[in-house]
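> with the input below, show me the fold.
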Amino acid sequence: MSGADRRTAVRVVRPMEIQYASNCPPINGRIEDISETGAFVDTNHPLEQGSFVFFRFFLPDETPNVPIQGRGKVAWTEPMVGFGLEFLELEPEIRERIKFFVASVFFGHLTEN
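Residues are numbered from 1 along each chain as shown. Okay, the predicted model is just below:
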């Protein structure tokens, strides 16, 4: 069973910039899809599977625009393509913001500008 087949959380496509690091200087990438439990990060610099990652990004359409930041883990990786980021350590209010964002996009309340 592939990773996509095991997913239980709703994922939405909504590109946004992300900065991540794991024992290295911060690297810029792009989230292509996101769920309450993780995201796909499109980057030419994926980290090794199993690496713990500190990350920071901003959800579009939020006011005030406060960063989403936390600690995650590289669930899978594909060289020169990107990696699956599993959210591990998030403050409860941050997880709720992500959950609300995903639901809003899924149900069509937020559209791309």
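> going forward, measure contacts between C-alpha atoms and count neighbours the same way
Will do.
> all helices of this protein, in order?
With helices called from DSSP state H, the chain shows them at 3-6, 92-106.
> which one of those helices lies closest to Glu78?
Glu78 sits nearest to helix 3-6 of all the helices of the chain, at 12.7 Å, using CA to CA.
> give me the mean pLDDT for that closest one.
For helix 3-6, mean pLDDT rounds to 47.
> burial measure for Phe57, as a count.
19 (other CA atoms under 10 Å).
> distance of it from Val66?
For Phe57, the distance to Val66 equals 9 Å [CA to CA, to the nearest Å].
> contact partners for the residue nearest to the spatial centre of the chain?
Closest residue to the average C-alpha location of the chain: Ala39 at 3.3 Å, with CA atoms, centre = their mean. Residues near Ala39 by CA atoms under 8 Å, 6 or more residues apart in numbering: Ile31, Glu32, Asp33, Gly84, Leu85, Glu86, Phe87.
> equivalent analysis for Thr37, please.
Thr37 neighbours (CA under 8 Å, 6+ apart): Ala9, Glu86, Phe87.
> the second one and Ala75: what is the separation?
So that's Glu86. Applying CA to CA, the value for Glu86 to Ala75 is 6 Å.
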